[in-house]
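In: the sequence and its predicted three-dimensional model are supplied below.
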Amino acid sequence: MVGAKKTDLRREAGQRTRDSLQTAALELLSQRGQEGVTLREITDRAGANVAAVSYHFGSLKALCDSAIELALERYLDAQLLELNALGSDATLQDVAVAFARPMMRALAAGGQDLAMMRTVARVGIDPPEGWDRLAGKFDRSRREALRVLTANLPGVGEEELIFRTRCAAGLLNWLALAPIGTELAALSAERIERQLVPVVTGAFRGDAPADR
């Protein structure tokens, strides 16, 4: 029994170290991207040693990939939760709010939440190896958005709606990294939503009522 308890404590300590390394990597990745991060910086920030990275991840690249995948998965889970909650009577503005809410929350919260979103934005431009593993969640998020968009824009084809959805996602990624994102982050959550939702709604609505 005592041996089992010690094993559990070691496992918990190991998980804390792993989590700390991922968090530190995520924070640094959000600031500089993968090419600007060093192993020493991550371990110093995490309060861990270099051997811990080798033990838990195998290499610096594997640690960075793991942190990126974690950020992407959290983002997609949050977005899917919002989109799944939309009813059949949801409006374009409703889907814009649901689609953008994870980003809006991160801008309002700052700190690690915003660091995660900035990492998501960076890898949206240069996808990591783990992107394929999350393809199913990307597809479900897109399908949930299309469900509401199709009901509101019956004359617009699926290909066009997918394009608009990708544009809306690109806009949110850009906001996370651009100076205007820093300006938005200084505002209240209500003000961020008031300014951002009409822009995302416009991206979904587009300027074409039907297929071209």
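Out: Thanks, I have it.
In: excluding chain neighbours, what is closest to Glu144?
Out: Leu83 (3.7 Å; CB to CB, 6 or more residues apart in numbering). (C-beta placed from N, C-alpha, C; glycine too.)
In: pretty sure the one you found sits against Ala96.
Out: No - counting by CB atoms under 8 Å, Ala96 is not a contact partner of Leu83; they are 11.0 Å apart.
In: just to revisit the earlier point, now do the residue nearest to Glu144 against Met116, distance only.
Out: For Leu83, the distance to Met116 equals 19 Å [CB to CB, to the nearest Å].
In: more neighbours, the two?
Out: A direct count of neighbours by other CB atoms under 10 Å for Leu83 and Met116 places Met116 higher, at 27 against 23.
In: quick check: nearest residue in space to the more buried one, chain neighbours excluded?
Out: Distances taken as CB to CB, 6+ apart place Ala71 nearest to Met116, at 4.6 Å, with adjacent residues excluded.
In: can you report phi and psi for Gly206?
Out: For Gly206, the backbone dihedrals (degrees, to the nearest 10) come out as phi 70, psi -170.
In: one more: Asn49?
Out: Per-residue torsions, Asn49: phi -110, psi 170 (degrees, to the nearest 10).
In: burial check on the residue lying closest to Ala48 once chain neighbours are set aside, number of neighbours?
Out: Nearest non-adjacent residue to Ala48, counting by CB to CB, 6+ apart: Thr17, 5.4 Å away. Counted by other CB under 10 Å, the residues lying close to Thr17 total 18.
In: residues contacting Thr17?
Out: Ala46, Ala48, Ala52, His56 (CB atoms under 8 Å, 6 or more residues apart in numbering).
In: check the gap between the residue nearest to Met116 and Gly124 for me.
Out: Taking CB to CB as the measure, Ala71 falls 11 Å from Gly124.
In: so which of these two has more stuff around it?
Out: More crowded of Ala71 and Gly124, by other CB under 10 Å: Ala71, with 26 against 19.
In: which residues does Glu82 contact?
Out: Applying CB under 8 Å, 6+ apart, we find Glu82 in contact with Val97, Ala98, Phe99, Arg101, Pro102.
In: now do the buried residues in the strand or helix carrying it.
Out: Counting by DSSP states H and E, the element that carries Glu82 is helix 60-84. Using 16 or more other CB atoms under 10 Å as the test for burial, helix 60-84 gives 60, 63-72, 74-76, 78-80, 82-83.
In: so after it, what's the next helix or strand?
Out: Next along the chain after helix 60-84, taking DSSP H and E as the criterion, comes helix 92-109.
In: between the next helix or strand after that next one and helix 60-84, how many degrees?
Out: Counting by DSSP H and E, the next helix or strand C-terminal to helix 92-109 is helix 111-125. Counting by axes from the mean of the first three to the mean of the last three CA atoms, to 10 degrees, helix 111-125 points 100 degrees away from the direction of helix 60-84.
In: which residues does whichever helix or strand comes after helix 111-125 contact?
Out: Sequence-wise, the next helix or strand downstream of helix 111-125 (DSSP H and E) is helix 135-152. By CB under 8 Å, 6+ apart, the residues outside helix 135-152 that reach it are 73, 76-77, 79-80, 83-84, 86, 88, 90-92, 94-95, 98-99, 156, 158, 161-162, 164-165, 204.
In: cool, stretch 157-174 as well?
Out: Identification of contacts with stretch 157-174 by CB under 8 Å, 6+ apart yields 96, 99-100, 103, 120-121, 124-125, 142, 145-146, 149-150, 153, 181, 199-200, 203-204, 206, 208, 211-212.
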